[in-house]
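Enquirer: predicted model and sequence below, questions to follow.
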Amino acid sequence: AKGLDATEAFGRSSAEKLAPDASWLDAVEAARLSVAEAPAAAPPPEDAEPTEAALEELRNFKHLGLAFENAGSTLEFKWRQLDRREPERAFRASVEVDGDEYKVAASYPTLPDRLVRGLLDDVNAHNDFARFVRRLRGEFQKLGD
């Protein structure tokens, strides 16, 4: 599969956002599953009021600096708060789901190919997507220090 450049991978608007009322690991897992299995979700009614729990979880996501979107067969992750000198600096990864295999289509800043291959080998062998996301975040955090 042809990789996407950063503009293609991160410049798209998402047709489907993940529910903010799940823990971030549950939401990441739900996003992973939804890429292959779930039809596009209907948007909530315009007059729907968010629950206090949903608002609190949204505040937690923002505090952690994590945002992610499901864009077709691609999960787009954006982290902030990883660089102590520049907390608003964005670190991004676009992860494609191709059948039972994950691929990193793009990352910014670019992570070394050898490192990405190691992360992908692990997630493709063990299917622990939450661990993959944590490790990916950790590698970006090293770049921010």
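Expert: Received the coordinates, thanks.

Enquirer: alpha carbons only for contacts and neighbour counts from here, please
Expert: Fine.

Enquirer: in the longest helix along the chain, what counts as buried?
Expert: For the chain, the helix reaching the highest residue count under DSSP state H is reported as helix 129-144. If you call a residue buried by 16 or more other Cα atoms under 10 Å, then helix 129-144 has these buried ones: 129, 130, 132, 133, 136, 137, 140, 141, 144.

Enquirer: tell me the SS of residue 118?
Expert: Classification of residue 118 by DSSP: H, G, I helix; E, B strand; the rest coil places it in helix.

Enquirer: before we move on, back to that, least confident of the buried residues of helix 129-144?
Expert: Ranked by pLDDT, these bottom out at residue 144 (80).

Enquirer: spit out the contact partners of that one.
Expert: 82, 83, 84 (Cα atoms under 8 Å, 6 or more residues apart in numbering).

Enquirer: again, only using 6 Å
Expert: Contacts for residue 144 (Cα atoms under 6 Å, 6 or more residues apart in numbering) come out as 82, 83.

Enquirer: where along the protein do the helices fall?
Expert: Counting by DSSP H, the helices of the chain are 6-10, 24-37, 52-64, 113-126, 129-144.

Enquirer: just the residues contacting the fourth one, thanks.
Expert: Outside of helix 113-126, the residues within contact range by Cα under 6 Å, 6+ apart are 101, 132.

Enquirer: what is the mean pLDDT for it?
Expert: Per-residue scores along helix 113-126 average to 95.

Enquirer: same question for stretch 65-74.
Expert: Here the average pLDDT along stretch 65-74 is 84.

Enquirer: quick thing: my sequence starts at 19, can you match it?
Expert: I'll keep to 19 as the first residue from here, and by that count the last item is stretch 83-92.

Enquirer: using PDB, write down the CA coordinates of that stretch.
Expert: Taking Å, rounded to 0.1, in the frame of the first residue of the first chain, the C-alpha atoms of stretch 83-92 are listed here in PDB:
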ATOM      1  CA  GLY A  83      -3.300  15.900  24.900                       C
ATOM      2  CA  LEU A  84      -4.800  12.900  22.900                       C
ATOM      3  CA  ALA A  85      -7.200  13.300  20.000                       C
ATOM      4  CA  PHE A  86      -8.000  10.600  17.500                       C
ATOM      5  CA  GLU A  87     -10.400  10.100  14.600                       C
ATOM      6  CA  ASN A  88     -11.600   7.200  12.600                       C
ATOM      7  CA  ALA A  89     -11.300   8.100   8.900                       C
ATOM      8  CA  GLY A  90     -12.300   5.000   6.900                       C
ATOM      9  CA  SER A  91      -9.700   2.400   7.200                       C
ATOM     10  CA  THR A  92      -7.300   4.800   8.900                       C
END
